[in-house]
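*Asks:* mind looking at a prediction? Sequence and model below.
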Amino acid sequence: MAVTQLNPPIPMSTPKGDALAHVMIDYGPEYHILWVCFQDDTGECWTWQNPQIRGPKNVTMGRTSITPIAGAETAPQRPLPFRTVEPVG
């Protein structure tokens, strides 16, 4: 598992509106990357999987429109691995 703080944060379009991704969590090749985002409108913190987010419009990069995120909010979530940590000593 890898947790990476994004510096600077990356703008994203999410099912709940525009947001800034501050952290990326990678559980490995069998899982989607998770993006920890703070929503622009509400300040809420949400974690989104790759299929649920889009990069924002960027004319310089030729991205003049964004594919809608159909049903992303109701998409089934893949369970994350649960690990227990044994106390030391």
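*Replies:* Yes, it's here. From a predicted model like this one, the values you see are computed outputs, not experimental measurements.

*Asks:* contacts only, for Glu44.
*Replies:* Contact analysis of Glu44 by Cβ atoms under 8 Å, 6 or more residues apart in numbering lists 16, 38. The way it works is simple: take the backbone N, C-alpha and C, and place the C-beta from them, glycine included.

*Asks:* what mean pLDDT does the helix or strand hosting Ser13 get?
*Replies:* Element membership of Ser13 [criterion: DSSP states H and E] is strand 2-14. Mean pLDDT, computed over strand 2-14, is 93.

*Asks:* mind listing the strands the helix or strand just after it pairs with, and their directions?
*Replies:* Downstream of strand 2-14, the next assigned helix or strand under DSSP H and E is strand 17-26. According to DSSP bridges, strand 17-26 has the following sheet partners: strand 2-14 (antiparallel), strand 34-39 (antiparallel).

*Asks:* if you count neighbours, what's buried in the longest one?
*Replies:* Burial within strand 2-14, assessed by neighbour count using 16 or more other Cβ atoms under 10 Å, is assigned to 10, 12-14.

*Asks:* output those residues in CSV; the columns should cover distance to Ala21.
*Replies:* Shown next, in CSV, are the buried residues of strand 2-14 (distance: Cβ to Cβ, whole Å):
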residue, distance to Ala21
Ile10, 5
Met12, 5
Ser13, 11
Thr14, 9
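
*Asks:* let me know the closest of those residues to Thr42.
*Replies:* Thr42 lies nearest to Thr14 out of the buried residues of strand 2-14, by Cβ to Cβ, at 11.3 Å.

*Asks:* residues touching that closest one, list them.
*Replies:* By Cβ under 8 Å, 6+ apart, the neighbours of Thr14 are 37, 39, 46, 48, 52-53, 69.

*Asks:* least confident pick among those?
*Replies:* Ile69 (68).

*Asks:* so where's the chain shaky on pLDDT?
*Replies:* Flagging of the chain using pLDDT under 70 yields the residue ranges 68-89.

*Asks:* Asn50 touches Asp26, doesn't it?
*Replies:* No - using Cβ atoms under 8 Å, Asn50 is not in contact with Asp26; the gap is 10.5 Å.
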